[in-house]
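Engineer: here you go, sequence then predicted model.
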Amino acid sequence: MRQTLILILTLLVSASAIAIDTELAFEDPEMQARYEELIAEVRCLVCQNQNIKDSNVFLASDLRREIRRMMSEGMSDAEIADFLVARYGEFVLYNPRKSGRTLVLWVTPALLLGIGAIVLVRVVRDRMNMPVDNDVLES
Amino acid sequence: MARYVALIIVFAVLIGIFALGLERDPRKLPSVLIDKPAPEYALPRVKDPLSTTGSADYAGQMVLVNIWATWCAGCRQEHDYLLQLAARNEIPIYGIDWRDQRPQALKWLNELGDPYVASAYDEDGRVGIDWGVYGAPETFLVSRDGHVLYKHIGPLDESIWQTEFVPRIAAQGTAK
């Protein structure tokens, strides 16, 4: 009984230790942190709702390898993003860049919120001007 | 009254947008390479590791570049059609054997037939990334001046060939 319990506990704990890359990509902790941040932002095109950090398909591991190569060549995050977008399009980035083509993604929510606010203010104002009896009749 | 009309219009527009969204397959991403220069590459041939093949082989020609692999079911599905297309001599087909294993690839070409002028062996997927490949089979139409005219994702067949490729080839003049 006790052994089974220990076994179950060990398995439970070890599950969280399963990582995609078993070794650290960079010895420098700063580079490693940058790397992990970068790969969390890149969409796996094969399994579209996963980033390449969590995905095990070979395209994801190929892209991680390319990102490691570009980082060790000293390329900046923006240059790496450009490399990926030039090949796979804006969709590859989870956090689209603020450029002409993705402007609609950034502006639409604010616009809709603004329209909502205007509508709300108008409705509330109309209601304030209504006689109380009319309100009941209308509904 | 006007308020309801406005609501109905907004509703209709939203329905329209959603209906369009339903029709589209989110797995099929448009290639960003369309009308851009096709990636250059030089890789060992599948059939002969000592000699290379690549974009230089078809400079000045209109060609198909077909990304394939033996592990890819869609590639098996389109293979017979590629053989037919190659036999018709309409356009040269160059292969990129993507993330594959050479013995299997050789067996595939020898047993099923080889529609390709040459197949490049992209063992580590580096060239595939340059082409923005994310799922084989993918077929690119490359113009004589080396631009990507069209990309088809998924198995090729006669009806796709007629509707998507033939008009684009015709627009460029004859393929040869």
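Structural biologist: Structure's in. What do you need? Numbers count the residues shown, from 1 in each chain, chains lettered A, B, ... in the order given.
Engineer: use CA for all of it now, contacts and neighbours both
Structural biologist: Fine.
Engineer: roughly how far apart are B:Ala6 and chain A?
Structural biologist: For B:Ala6, the distance to chain A equals 12 Å [C-alpha to the nearest C-alpha, to the nearest Å].
Engineer: that residue - how many residues pack around it?
Structural biologist: The number of residues packed near B:Ala6 is 11, by other C-alpha atoms under 10 Å in any protein chain shown.
Engineer: now A:Leu45
Structural biologist: Applying the criterion other C-alpha under 10 Å, we find 23 residues in the vicinity of A:Leu45.
Engineer: show me the contacts for it.
Structural biologist: Taking C-alpha atoms under 8 Å, 6 or more residues apart in numbering or on different chains, we find A:Leu45 in contact with A:92, B:134.
Engineer: torsion angles phi and psi at it?
Structural biologist: Taking degrees, to the nearest 10, you get phi -70, psi -20 for the backbone angles of A:Leu45.
Engineer: what do you get for the one 10 residues further on?
Structural biologist: In this entry, A:Ser55 is assigned phi and psi values of phi -100, psi 150 (degrees, to the nearest 10).
Engineer: and the pLDDT at it?
Structural biologist: Per-residue confidence at A:Ser55 stands at 82 (pLDDT).
Engineer: that one: neighbour count?
Structural biologist: Other residues close to A:Ser55 by other C-alpha under 10 Å number 18.
Engineer: with the one 4 residues further on instead?
Structural biologist: A:Leu59 has 24 neighbours, counted by other C-alpha under 10 Å.
Engineer: who's in contact with the closest residue to it other than its chain neighbours?
Structural biologist: Counting by C-alpha to C-alpha, 6 or more residues apart in numbering or on different chains, A:Leu59 lies nearest to B:Tyr134, which is 6.9 Å off, once chain neighbours are set aside. With contacts defined as C-alpha under 8 Å, 6+ apart, the neighbours of B:Tyr134 are A:45-46, A:59, B:128.
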